[in-house]
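this one's structure only:
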């Protein structure tokens, strides 16, 4: 896979199974969520963190922008 920005072939792929406590911080919106990895932030979901990024330009790979996340929607409801 080539980088979507600089076309480098130096794209790292991460797959990790974290513990069941995840912390998300978005500017002034801060949430802690016990349980699964948020599935709406482009970093994986469920039991796993999965993402790719370019080791040359630092660009995270994927389709962006993303729609509002659970953390943002929850903050708006409060």
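Ah, there it is. Small disclaimer: the values here were computed from a predicted structure and weren't measured. Numbers count the residues shown, from 1 in each chain.

Where in the protein is the helix or strand with the lowest mean pLDDT?
Confidence across the helices and strands of the chain bottoms out at strand 29-34, with a mean of 67, counting by mean pLDDT, DSSP states H and E.

tell me which element residue 72 falls in.
Counting by DSSP states H and E, the secondary-structure element that holds residue 72 is helix 70-77.

mean confidence score for that helix?
Mean per-residue pLDDT for helix 70-77: 77.

now that helix, how far from the chain's geometric center?
Mean-position distance between helix 70-77 and its chain equals 17 Å (C-alpha atoms, centre = their mean, to the nearest Å).

which helices and strands sit right next to it?
Contacts of helix 70-77 with other secondary structure elements, assessed using 3 or more C-beta pairs under 8 Å, 6 or more residues apart in numbering; DSSP states H and E, are made with strand 21-26, strand 29-34. Bear in mind the C-beta positions are built from the backbone N, C-alpha and C, glycine included.

Residue 13 contacts residue 52, doesn't it?
Yes - taking contacts as C-beta atoms under 8 Å, residue 13 lies within contact range of residue 52: 4.8 Å.

And those two? Which one has more around it.
residue 52 (16 against 10; other C-beta atoms under 10 Å).

need the contact list for the residue nearest to that one when sequence neighbours are not counted.
Nearest non-adjacent residue to residue 52, counting by C-beta to C-beta, 6 or more residues apart in numbering: residue 61, 4.1 Å away. For residue 61, the contact set (C-beta atoms under 8 Å, 6 or more residues apart in numbering) comprises 1, 3-4, 11, 51-54.

Check residue 1 too.
Neighbour list for residue 1: 9, 11, 52, 61 [criterion: C-beta under 8 Å, 6+ apart].

Tell me how far the spatially most central residue of the chain lies from residue 78.
In the chain, the centroid-proximal residue (C-alpha atoms, centre = their mean) is residue 43; its distance is 2.7 Å. Counting by C-beta to C-beta, to the nearest Å, the gap from residue 43 to residue 78 is 24 Å.
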